[in-house]
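Novice: next comes the sequence, and after it the predicted model I'd like to discuss.
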Amino acid sequence: MIAALLLGSAAVAAEPIHPERWINKGYHQSGLVRSDVSGVMRFRLTIASDGRTIRCEIPLSSGVVGFDAHICALLTARAAFHPARNGQDMPAFAIYEGRAALRGLRKRPSISTAADYIVKLQRFPLGLGIGGIVSVVLDIDAAGKILNCQVNPETDSKKADAKLGAVACQQASALDPDPVFDGDGKPVATVRDINVGFKIDGA
């Protein structure tokens, strides 16, 4: 199963364009920033094949009244991407997930990515240190079937790519992706990158 997923042409994930600008500009005029408020939300963006954000969902709320909806509104209006490409090298819809953090008055709200899943190992392969994240790119058809899995070429650690990529794809292959719909409500094939984190069991 792992070998099958690793074969085939590699899909290319949607690449965010200046994500540092998505939520900062004009944010302090929103009325949501107070010195006693902090929180972290997770968001999921649906990206059209031309790189536009067409939908924002909130898998995990920050618990801060108004923050999640305001961030989603900003992301829908401002978040742009270099389009994803599927295994046939054609522009494709994509899913992009991340976190937005609110840290009171002293720090601007920020966007980051984190591991979507954690894999615990008894030990790391020689030369890989004690932890890390491997990003893999999934090519998914309109019915939600994973057609292909490849290590994201933008992943920083080439050693981790070679030694842990197959394990990351095995983890990703266990997913049952939710259907993704275009602006007209029609199910569409998508490209999605998944961040798989690795750590020593018991650490």
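Specialist: On my side now, so go ahead. Residues are numbered from 1 along each chain as shown.
Novice: would you list every one of the strands in this protein?
Specialist: Here the chain has its strands, by DSSP state E, at 15-17, 38-47, 53-60, 80-82, 84-85, 91-103, 110-112, 117-121, 131-140, 146-151, 190-200.
Novice: A94 touches E15, doesn't it?
Specialist: No: checked against CB atoms under 8 Å, the pair A94 and E15 is beyond contact range at 9.6 Å. Glycine gets a C-beta too; all of them are placed from N, C-alpha and C.
Novice: intersection of neighbour lists for the two?
Specialist: Shared contacts of A94 and E15, defined by CB atoms under 8 Å, 6 or more residues apart in numbering, comprise F81.
Novice: residues contacting E97?
Specialist: E97 touches R42, F43, R44, L45, P59, T113, D116, counting by CB under 8 Å, 6+ apart.
Novice: in the sheet, who's paired with it?
Specialist: R44 (DSSP bridges).
Novice: likewise for D193?
Specialist: Beta bridges link D193 to V137 when assigned by DSSP bridges.
Novice: that one: how many residues sit nearby?
Specialist: As a burial measure, D193 scores 25 neighbours (other CB atoms under 10 Å).
Novice: got it, and S49?
Specialist: 20.
Novice: contacting residues for the residue nearest to it when sequence neighbours are not counted?
Specialist: Spatial nearest neighbour of S49, excluding adjacent residues (CB to CB, 6 or more residues apart in numbering): P91 at 4.1 Å. By CB under 8 Å, 6+ apart, P91 lies in contact with S49, D50, P83, A84, R85.
Novice: quick check, pLDDT for P91.
Specialist: Note on P91: pLDDT of 94.
Novice: what pairs with it across the strands?
Specialist: Going by DSSP bridges, P91 forms beta bridges with R85.
Novice: now A115, nearest residue through space, not along the chain?
Specialist: G197 (3.1 Å).
Novice: swap in C56?
Specialist: Nearest one to C56, counting by CB to CB, 6+ apart, is C72 at 3.8 Å.
Novice: any idea how far the residue nearest to S49 is from F81?
Specialist: P91 is 11 Å from F81, where distance means CB to CB, to the nearest Å.
Novice: same deal with D184?
Specialist: From D184 to F81 the distance is 20 Å (CB to CB).
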